[in-house]
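Trainee: Sequence and predicted structure below; questions after.
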Amino acid sequence: MFDLEVWRAEILQRLRRFVRAPQTEMGIYGTERLTYYLSSLVLEPFFQAFTNQPLRAVVTLANVTQTTGTSFLIHNANTLRYSQQLLWSEFEHSPALRLVIEQILLKLDVIEHLLHTLGDAEAHWLRQSLSDEIEPYRRNGELTELRHALNEIPWQTRYSTVRSLQTRRGHYTGSDWQLIEQALSDRVAMVRAAGARQLGRAQSNLAAHLRERLFHVALYDRDLGARYAAARSIGTLRNQLIDSMSRELLTTALFHDDSFVRSAACLVLGQLGSAMVTPSILDSLISVLQDADPYAREAAANAFAAMGQAAATVDVLAALRTAVLDSDQYVHEAALGAITALKD
């Protein structure tokens with residue numbers, strides 16, 4: 001099933017040839033311009049998915065960017081797929097399409113991956129060549145995020161800096177809090193995950209904006225590792241995070257249009273445990289237990305298991321018995337485990 005992780009993996013697979021011989025690979029594509037080459041490469045998996053799984057392709061693209069360029073790309077996908085020259089021409093003349101390409105390159109970590117994987121000389125060439133190519137657009141106020149990404153501190157350094165906060169044992173200074181906040185919004189998933197883990201070690205109550213950001217990463221981050229790290233930290237900080245605000249937030253997320261968000265909400269509820277049990281929460285989880293997405297159904301069953309006997313109502317147990325008959329093996333096993341947990 002096409003999603004952000006599949007899209008990123010397919011891009012990185014294609015980039016292996018580029019990393020070995022950049023100019024040769026660009027020559028195969030028929031261009032000397034990095035912007036043209038990268039535009040074609042990152043869109044190839046999307047175009048292929050649009051042919052076979054159009055709805056998933058559209059939803060996944062919308063998770064990256066939602067602009068007029070997004071609509072243009074969707075409406076012209078079948079044409080652009082088979083004409084690189086047309087794609088490059090549109091890139092040259094359409095600010096909206098350039099914005100879409102920029103967001104794909106950044107949010108799928110393409111630039112970070114290349115700068116990390118290429119040798120020093122090739123990475124310098126990539127930075128310089130891309131900077132030169134996008135300079136005319138940058139002067140018009142475009143592609144500024146891409147320019148910043150080409151010149152920012154390597155992600156490994158940012159990651160190590162955030163991890164070094166472990167020595168504080170949760171007693172953070174003002175500058176530490178600022179660093180963690182920046183990490184939660186970093187382009188690279190590993191840095192966001194590290195920031196989330198540091199929040200989980202906090203020995204004082206979180207500021208409202210940090211609390212909001214932690215929940216946002218747990219529910220909406222495109223990377224599974226970052227979502228899981230944030231969910232774990234929410235569980236660690238449950239004593240200060242369980243309230244009507246978090247219940248309302250998670251109940252809303254259980255009915256989100258995106259099944260990944262519904263699954264993430266189940267994971268967070270499981271981390272918070274029995275203290276989150278209310279009739280409304282249980283009814284909402286029962287609805288997810290009947291979700292069209294098996295990952296969401298499995299996540300709902302696991303959430304019930306984590307809540308334990310506090311969730312052992314007649315309706316919940318009936319829903320879990322039905323879920324035991326699910327055709328998906330993982331949902332079946334999760335439902336069995338939940339019934340056992342609720343009866344213990």
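Mentor: Yes, it's here.
Trainee: check contacts around residue 104.
Mentor: Listed by CB atoms under 8 Å, 6 or more residues apart in numbering, the contact set of residue 104 reads 42, 43, 64, 65, 110. To be clear about C-beta, it is placed using only N, CA and C from the backbone, and glycine gets the same treatment.
Trainee: cool, residue 145 as well?
Mentor: For residue 145, counting by CB under 8 Å, 6+ apart, the contacting residues are 102, 106.
Trainee: In the chain, which residue is most central in space?
Mentor: For the chain, the residue nearest the mean C-alpha position is residue 222 (0.7 Å; CA atoms, centre = their mean).
Trainee: Which helix or strand contains that residue?
Mentor: Counting by DSSP states H and E, no helix or strand carries residue 222.
Trainee: coming back round to it: could you identify the most distant pair in the contacts of residue 104?
Mentor: 65 and 110 (13.9 Å; CB to CB).
Trainee: hang on, the earlier thing: which one of the contacts of residue 104 has the most neighbours?
Mentor: Of the contacts of residue 104, residue 43 is surrounded by the most neighbours, 24 neighbours in total, counting by other CB atoms under 10 Å.
Trainee: State the pLDDT value of that one.
Mentor: Note on residue 43: pLDDT of 97.
Trainee: does it belong to a helix or a strand, and which?
Mentor: Judged by DSSP H and E, residue 43 forms part of helix 34-52.
Trainee: Could you give the number of residues near residue 16?
Mentor: Neighbours of residue 16 (other CB under 10 Å): 10.
Trainee: Look up how far residue 6 lies from it.
Mentor: Going from residue 16 to residue 6 by CB to CB, to the nearest Å gives 16 Å.
Trainee: Kindly report the same for residue 183.
Mentor: In terms of CB to CB, residue 183 sits 26 Å off from residue 6.
Trainee: Which one of those two is surrounded by more residues?
Mentor: Using other CB under 10 Å as the criterion, residue 183 and residue 6 rank with residue 183 on top: 27 against 14.
Trainee: Just give the nearest non-adjacent residue to that one, would you?
Mentor: Closest residue to residue 183 apart from its sequence neighbours, by CB to CB, 6 or more residues apart in numbering: residue 195 at 2.8 Å.
Trainee: State the distance from that neighbour to residue 178.
Mentor: For residue 195 relative to residue 178 (CB to CB), the value is 11 Å.
Trainee: okay, these two: which has more neighbours?
Mentor: Legend: neighbour count by other CB under 10 Å for residue 195 and residue 178, higher for residue 195 (30 against 11).
Trainee: Return the distance of the helix or strand where residue 176 lies from the chain's centre.
Mentor: Assigned by DSSP H and E, residue 176 belongs to helix 174-184. Distance, stretch centre to chain centre, for helix 174-184: 20 Å (CA atoms, centre = their mean, to the nearest Å).
Trainee: now for the next helix-or-strand element following that helix, which elements pack on it?
Mentor: Once helix 174-184 ends, the next helix or strand along the chain (criterion: DSSP H and E) is helix 189-200. If contacts are counted by 3 or more CB pairs under 8 Å, 6 or more residues apart in numbering; DSSP states H and E, helix 189-200 sits against helix 155-163, helix 174-184, helix 208-220, helix 224-236.
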